[in-house]
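Asks: Provided below are the primary sequence and the corresponding predicted coordinates.
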Amino acid sequence: MISLFEMESFIEAAEKDCALYEEKNFVTRMEVLDQLEELLPEANQPDKLPMLKSRAAKLKSELEEIDIRLFQRLRATIRKGGYTRKDFKDLIHEYVDLPAGCTERPEEIGYDNLDVFVNGLSSFQIMPEQSKDLEPEMVFYQKTPARVVFELVEKSHFRKEDVFFDVGSGLGQVAILVNLLTGITTKGVEFEPAFCAYARDCAAELNLSNVTFINVDALKADYSEGTLFFMYTPFKGEILREVLVLLRKESLGRKIKIITYGPCTEQVALESWLKMESPAENNTYKLGVFCSF
Ligand SMILES: C[S@@+](CC[C@H](N)C(=O)[O-])C[C@H]1O[C@@H](n2cnc3c(N)ncnc32)[C@H](O)[C@@H]1O
């Protein structure tokens with residue numbers, strides 16, 4: 001348990017740290033906010049405590065206010081079309097360090113500062129409740145880490161005429177981020193109506209006219225425009241097999257790429273009409289990039 005003295009010293013140092021109040025120091029602010037979050041419940045010691053607690057709460061709300069204003073301003077600039085693709089990448093670099101070359105990947109799913117920053121850009125609503133039960137073989141919502149979306153953009157070698165599909169698009173972050181990073185048309189296919197509505201609201205809030213979300217079972221979606229298909233294991237078994245049959249039909253008319261993340265990679269790798277471009281090593285939480293012959 002943290003002592004009263006340590007708590008007071010931490011709060012005092014943060015209160016005096018002018019850099020913390022500068023918008024650009026998002027990551028340092030986030031670390032202090034995380035520590036305050038842990039500190040506040042610890043504050044169950046008597047004596048000076050009410051005083052200390054209110055200082056901690058005041059500091060927390062001042063720092064959060066800076067981030068709220070920061071993200072409101074960034075969202076407004078995106079809305080006005082104020083960032084080119086390069087500007088958008090530079091913007092992210094300005095606030096968060098991206099892992100060098102995006103090549104070092106953890107062996108399992110995990111989130112970092114980049115996710116917190118990207119969440120700030122897109123989440124202005126509370127996550128909706130699931131309104132429909134998933135069928136067996138359908139996988140519940142879990143977000144692709146933002147650094148993996150950056151890697152996906154690097155590895156897919158997209159062309160400006162590509163149309164990207166996120167199959168099982170959840171709250172829409174992948175389709176939105178890919179559009180902001182590349183400018184290409186992106187679409188999300190999602191079974192859950194509440195997630196789809198949320199994703200549409202996020203795209204509308206950012207005024208992204210070539211990002212759309214379709215509320216349909218992936219087995220019934222129209223993939224006729226797609227050239228790049230991303231799947232963060234939205235389903236398994238027979239559903240995955242049937243969706244791959246649909247994508248194979250699409251590949252008869254044009255070359256397509258399928259990019260996978262998570263356990264579905266193993267099943268996609270068995271498809272003889274696809275050649276694996278990446279990864280060389282077999283790891284569930286490395287992106288798989290497959291190209292039709
Ligand atoms: C692991 S999450 C991935 C979410 C999103 N692609 C992302 O990375 O942030 C899987 C998503 O697929 C959706 N899903 C599951 N079965 C589906 C189906 N048959 N058709 C469309 N979406 C489906 C789930 O509702 C969930 O949102």
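Replies: Ah, there it is.

Asks: got a list of what residue 223 touches?
Replies: Contact criterion Cβ atoms under 8 Å, 6 or more residues apart in numbering gives 165, 229, 246, 247, 250 as the residues in contact with residue 223. For the C-beta atoms, the positions are set from N, CA and C on the backbone; glycine is no exception.

Asks: return the backbone torsion pair for it.
Replies: For residue 223, the backbone dihedrals are phi -100, psi 10 (criterion: degrees, to the nearest 10).

Asks: residue 119 now?
Replies: On the backbone of residue 119 - angles per degrees, to the nearest 10 - the values are phi -60, psi -40.

Asks: how near is it to residue 26?
Replies: Computed with Cβ to Cβ, to the nearest Å, the distance linking residue 119 and residue 26 is 12 Å.

Asks: the two: who's more crowded?
Replies: Set side by side, residue 119 and residue 26 show unequal neighbour counts under other Cβ atoms under 10 Å, the larger going to residue 26 at 20 against 16.

Asks: neighbours around the closest residue to that one other than its chain neighbours, how many?
Replies: Across the structure, with Cβ to Cβ, 6 or more residues apart in numbering as the measure, the residue nearest residue 26 apart from its sequence neighbours is residue 95 (4.5 Å). Here the number of neighbours of residue 95 (other Cβ under 10 Å) works out to 18.

Asks: for residue 95, give me its contacts.
Replies: Listed by Cβ under 8 Å, 6+ apart, the contact set of residue 95 reads 24, 26, 27, 117.

Asks: what's the spacing between it and residue 251?
Replies: 39 Å.

Asks: buried sites along stretch 255-271?
Replies: In terms of neighbour count (16 or more other Cβ atoms under 10 Å), stretch 255-271 has its buried residues at 256, 257, 258, 259, 260, 261, 262, 264, 265, 268, 271.

Asks: hmm, I was thinking of stretch 57-71
Replies: With burial defined by 16+ other Cβ under 10 Å, the residues of stretch 57-71 counted as buried are 59, 60, 63, 66, 67, 70, 71.

Asks: contact partners for the fourth one?
Replies: The contact partners of residue 66, taken as Cβ under 8 Å, 6+ apart, are 21, 23, 29.

Asks: what does the stretch 151-293 of the chain put close to the ligand?
Replies: Within the stretch 151-293 of the chain, the positions adjacent to the ligand are 166, 168-170, 173-174, 189-192, 195, 217-218, 232-235, 239 by Cβ under 6 Å from any ligand atom.

Asks: one more time with 5 Å
Replies: In this structure, the stretch 151-293 of the chain approaches the ligand at residues 166, 168, 170, 174, 190, 191, 192, 217, 218, 232, 234, 235, judged by Cβ under 5 Å from any ligand atom.

Asks: what does the stretch 1-150 of the chain give?
Replies: In this structure, the stretch 1-150 of the chain approaches the ligand at residues 138, 139, 141, 142, 143, 144, judged by Cβ under 5 Å from any ligand atom.

Asks: so what's the residue count around the last one?
Replies: Residue 144 is flanked by 23 other residues according to other Cβ under 10 Å.

Asks: does it really touch residue 232, like I thought?
Replies: Yes. Using Cβ atoms under 8 Å, residue 144 is in contact with residue 232, at 4.7 Å.

Asks: so what sits against both of the two?
Replies: Shared contacts of residue 144 and residue 232 (Cβ under 8 Å, 6+ apart): 174, 261.

Asks: redo the residues of the stretch 1-150 of the chain next to the ligand as TSV? Include secondary structure and pLDDT.
Replies: Supplementary listing: these in TSV, determined by DSSP: H, G, I helix; E, B strand; the rest coil; pLDDT from 0 to 100:
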residue	secondary structure	pLDDT
138	strand	98
139	coil	98
141	coil	97
142	coil	96
143	coil	95
144	coil	96
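
Asks: of these - the most surrounded one?
Replies: Of all those, residue 144 has the most neighbours under the rule other Cβ under 10 Å, reaching 23 neighbours.

Asks: burial measure for residue 154, as a count.
Replies: Neighbour tally, residue 154, other Cβ under 10 Å: 14.

Asks: give me the phi and psi angles of it.
Replies: Torsion angles, degrees, to the nearest 10, at residue 154: phi -60, psi -40.

Asks: same question for the one 5 residues further on.
Replies: In this entry, residue 159 is assigned phi and psi values of phi -110, psi 160 (degrees, to the nearest 10).

Asks: same question for the one 5 residues further on.
Replies: As for residue 164, its main-chain torsions (degrees, to the nearest 10) stand at phi -100, psi 130.

Asks: got a list of what the residue lying closest to residue 199 once chain neighbours are set aside touches?
Replies: Distances taken as Cβ to Cβ, 6+ apart place residue 172 nearest to residue 199, at 2.5 Å, with adjacent residues excluded. Residues touching residue 172, when contacts are defined by Cβ under 8 Å, 6+ apart, comprise 122, 166, 188, 190, 195-196, 198-200, 202-203, 211, 213.
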